[in-house]
Structure formats: structure tokens, C-alpha cells
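Asks: Structure here, sequence nowhere to be found:
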């Protein structure tokens, strides 16, 4: 039996490396394929079976994602992020009007269950996937989001932890302490930053795609936690573009019914349901700090419930309280400045750094030279820089609608 599991794990890894899921998405996905694929890529849960059928296991989540992908091939793409310690697969679903085409639009990444015992986070994002795909054809607000944003959802970042009903991955590491910003050696932090296949997979996946706005979902409290986690706002350590971070965080907390959730964190540092991470409590090596500092993607940590609800009705209530917040947060990514950067021959330039004066978020152009820089309304000096090219700067006025600025860099 162990040999069978090893073979299945090898298949998963190969599928990840070769992106074979793109072939699956291009097929008609007949009934036979729907039966075979989950067997090849299933989580092979060997324990940690849930006592309540209100929550998805790793395997049933995969089956649901394949089902939704088959039903909505026109607006979804399902692909692996990477393998876990035990050879399970971390899945990501992109929802967009052209999910297989790289478009000039903001990319939003939503991540759940980085802690394997915070299962309500997975349920909320699975319901968001279903809501976006089922509502696209008849809900104008949803259609606008899907047509104008690339939304990538990872509903289960730590499937090994989910299978074994633990916070940690199969190596006993807290994945939200395994990123490289302010990482410190400690029990459950991993041997080194990115020592775990789950965290390094997310790193490589995100660097390949380039995200502009992100959120990770947790349970255990109710609050929207903002960067930085490693230091305190009350001590004067805040992101350089803090007004933008705060705007996005409050967009989530004040939209819909999030603030009606029982158990909102009670602190003098809480403002409209948001709090600076370090003023709540200090942690090191978090996903949101890495995302902001290393990749230029604004990331917040959203605690959506104090506990995993015991019933299906309880799960639905958590989703209902967060649904409008989720939609508003995704839609809020369509602010700022965007465009493409080319050289003097008209060829796109990847990796161009896009920054503003007095800011500390540096986004980069993707493989097609596209960029999207989130900015609040105001006047900015935008600078584009790349090795081998002269810097280019221009003053731009940003209003409510995003501004398109095509740029040519001279060698």
C-alpha cells in the first residue's frame, strides 16, 4: 500500500511540474475523466476523517473543484500550486472571463487554511467560488468583477494539516511563520525560511504570476489584521503606503455584515474592525509581511470567526456575513494605474519595477510587460526602472477610475 501511495505522490509532482492540469481543462471532461482524475490526484486521506459532513475533506474539496471547473470552463482554470510534505496537491482556481489569457487587469489572490484546523476559512472560499461561477450569468456586480479582475483562490493551503486536523503541516511547521521577512528560528517555524514545500510552492507560484492584492483567511478571532506582523504601529513601524493598506482593510471590514460577527477583537488598537498586526500580537515570518515587502502585493489577514461552526447552517451564516466584504475587497483592486512597458522595438519588458515617491510597494511587470499599481486618488510621480534601461518618471493624477499609462523604456 505504501508503494501505491508513493506512485500517486510521484504522479502529483509530475503533474505540478508539467502543468498537466491545463490539458485537463482543455478536455471535454467526460464522465469517465471526472471519475479517474480525482483518483489520480486525490489527497488519499489516511486518517483525520471529520466527524461532521458539514466540512470538506481534502478529497471532497478536490472533487468539488473539478466539478465546478467542468461546469464553468469558460470562466475558470484549475491548476496545482505545488505538493505538500505528504505528497498532496495544493490547488488554485482562477476565475476570470478569460482565465487562460494573461490580461491587463489586477490579480487578486485569496488563501485559506494555511492553518489546517481553521476549516471555516476553506468553506467560505469554496462558497465564494460557487457564488462567483453560478452568479456570473445573471448578476451584473459579479459579472463586472469576473470580467475585469483575475481572481485566484487557494481554498486549502495546508491539506496535510486539514487531513490530520492540526494547525501545522506534516512536518509540524506553522506555515504562517515560515516566510522570510523577520523570520526567527523557533519551534514550529521550520529549519529555515521556506523550508516547507507548501510555502516555497506559494512563493514560486506567486513570483511567476505577479499578484497585486491578496488576503489570507483564518479563524480563532474576528478582525482584519494589517501589515506589519513583526512590529507595532504604536511604535511607529508601519507600511509606507499605509493609507492604501488601511483603505483595503476597511473596505473589507465595513462592507456587508462582517462587523456583526460575534467576538470582534476588543482592543484600543481596533478601528472599524481592523488592527495593525503587531499591535495585536507580534509574529515573525508571516505570509502577509512577505507578500507586502518581497512581492509588492498588499496582503491582509482576515479572521472571520472565533470557532469552526458545528453545523452547516453555522457555516452558511459565516459566509453570508462575509460575502459582500469579499466582493467589495476584490472589486477594490481596480484602483490606481496600469499599462504595459515595452522597449524601443516594441517588445514587452518583464520585471520592470514600478514605484512611487515616498512609497515602499514596488510592483513589477509580468511576462507580457503588464503592470498594475494600486493607488488611492491623488497626484503621484511614477517611476519605471529596469536593468539595462534608463529610468522613466511621470507625474500622474489618479481619480476614482484607474488610469492607463503605456510606457517605453530606452536602452
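Replies: All right, it came through fine. Being a predicted model, the structure only gives us computed values, none of them experimental.

Asks: wouldn't residue 275 be in contact with residue 227 here?
Replies: No. Residue 275 lies out of contact with residue 227 (CB atoms under 8 Å); the separation is 11.3 Å. Glycine gets a C-beta too; all of them are placed from N, C-alpha and C.

Asks: Please say which of those two ends up with more neighbours.
Replies: Taking other CB atoms under 10 Å, residue 275 and residue 227 do not tie; residue 227 has more neighbours (29 against 25).

Asks: For that one, which residues are in contact?
Replies: Counting by CB atoms under 8 Å, 6 or more residues apart in numbering, residue 227 touches 239, 245, 276-277, 288-289, 292, 298-300.

Asks: Most neighbours out of those residues, which is it?
Replies: residue 288 (28 neighbours).

Asks: That one falls within a helix, correct?
Replies: Yes. Counting by DSSP: H, G, I helix; E, B strand; the rest coil, residue 288 is found in a helix.

Asks: Nearest residue to it in space, please, no chain neighbours.
Replies: residue 299 (4.0 Å; CB to CB, 6 or more residues apart in numbering).

Asks: What's the first helix or strand after the helix ranked longest in the chain?
Replies: The residue-count maximum for a helix in the chain (DSSP state H) belongs to helix 312-331. Once helix 312-331 ends, the next helix or strand along the chain (criterion: DSSP states H and E) is strand 337-342.

Asks: For this structure, which segments count as helices?
Replies: Using DSSP H, helices in the chain cover 2-18, 21-26, 31-41, 58-71, 119-135, 140-148, 159-164, 197-209, 242-254, 277-280, 287-295, 312-331.

Asks: now the fourth one against helix 119-135, angle please.
Replies: Computed with axes from the mean of the first three to the mean of the last three CA atoms, to 10 degrees, the direction of helix 58-71 lies at 10 degrees from that of helix 119-135.

Asks: pLDDT of helix 58-71, averaged?
Replies: Helix 58-71 carries an average pLDDT of 97.

Asks: Packing partners of it?
Replies: helix 31-41, strand 76-83, strand 89-95, helix 119-135, helix 159-164 (3 or more CB pairs under 8 Å, 6 or more residues apart in numbering; DSSP states H and E).

Asks: now with 10 Å?
Replies: helix 21-26, helix 31-41, strand 76-83, strand 89-95, helix 119-135, helix 159-164 (3 or more CB pairs under 10 Å, 6 or more residues apart in numbering; DSSP states H and E).

Asks: The fourth one pairs with which strands?
Replies: Sheet pairing here is set by DSSP bridges, and for strand 89-95 it gives strand 76-83 (antiparallel), strand 150-154 (antiparallel).

Asks: what's the spacing between the longest one and its chain's center?
Replies: The gap between where strand 76-83 is centred and where its chain is centred comes out at 13 Å by CA atoms, centre = their mean, to the nearest Å.

Asks: Please identify the most buried of the strands paired with strand 89-95.
Replies: Among the strands paired with strand 89-95, the stretch with the highest mean neighbour count (mean count of other CB atoms under 10 Å) is strand 150-154, at a mean of 23.

Asks: show me the contacts for the closest residue to residue 206 other than its chain neighbours.
Replies: Distances taken as CB to CB, 6+ apart put residue 295 closest to residue 206, at 6.0 Å, once the chain neighbours are dropped. Counting by CB atoms under 10 Å, 6 or more residues apart in numbering, residue 295 touches 109, 203, 206-207, 210-212, 214, 361-364.

Asks: pLDDT check: weakest of those?
Replies: residue 207 (89).

Asks: ok, residue 336 - how many residues close by?
Replies: Neighbours of residue 336 (other CB under 10 Å): 25.

Asks: Thought residue 248 was touching it, still the case?
Replies: No. If you go by CB atoms under 10 Å, residue 336 and residue 248 don't touch, sitting 11.5 Å apart.

Asks: Overlap in contacts, these two.
Replies: In terms of CB under 10 Å, 6+ apart, residue 336 and residue 248 are both contacted by the residues 374, 376.

Asks: re the thing from before, can you put the strands paired with strand 89-95 in a markdown table and add mean pLDDT and distance to residue 258?
Replies: Output for the strands paired with strand 89-95, formatted as a markdown table (pLDDT from 0 to 100; distance: least, CB to CB, whole Å):
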| stretch | mean pLDDT | distance to residue 258 |
| --- | --- | --- |
| strand 76-83 | 97 | 26 |
| strand 150-154 | 98 | 18 |
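
Asks: quick one on the thing from earlier: in strands only, show me the contacts of residue 295.
Replies: Taking DSSP state E as the definition of strands, the contacts of residue 295 contribute 109, 214, 363-364.

Asks: Who are the contact partners of residue 322?
Replies: When contacts are counted by CB under 10 Å, 6+ apart, residue 322 touches 120, 124-125, 127-128, 217, 252, 255-258, 261, 302, 304-305, 329.

Asks: rerun that using 6 Å as the cut-off
Replies: Neighbour list for residue 322: 124, 258, 304 [criterion: CB atoms under 6 Å, 6 or more residues apart in numbering].

Asks: how much space between the last one and residue 261?
Replies: As defined by CB to CB, to the nearest Å, residue 304 lies at a distance of 7 Å from residue 261.

Asks: among the contacts of residue 295, which ones are buried?
Replies: 109, 203, 206, 210-212, 214, 361-364 (16 or more other CB atoms under 10 Å).

Asks: Residue 373: which of the contacts of residue 322 is nearest?
Replies: Nearest to residue 373 among those, counting by CB to CB, is residue 258 at 27.0 Å.

Asks: mind checking how far the nearest residue to the closest one once chain neighbours are set aside is from residue 267?
Replies: Excluding the flanking residues, the one nearest residue 258 by CB to CB, 6+ apart is residue 325, at 4.7 Å. Applying CB to CB, the value for residue 325 to residue 267 is 20 Å.

Asks: can you check residue 193 too?
Replies: As for residue 193, its distance to residue 267 is 29 Å (criterion: CB to CB).

Asks: can you check residue 62 too?
Replies: For residue 62, the distance to residue 267 equals 38 Å [CB to CB].
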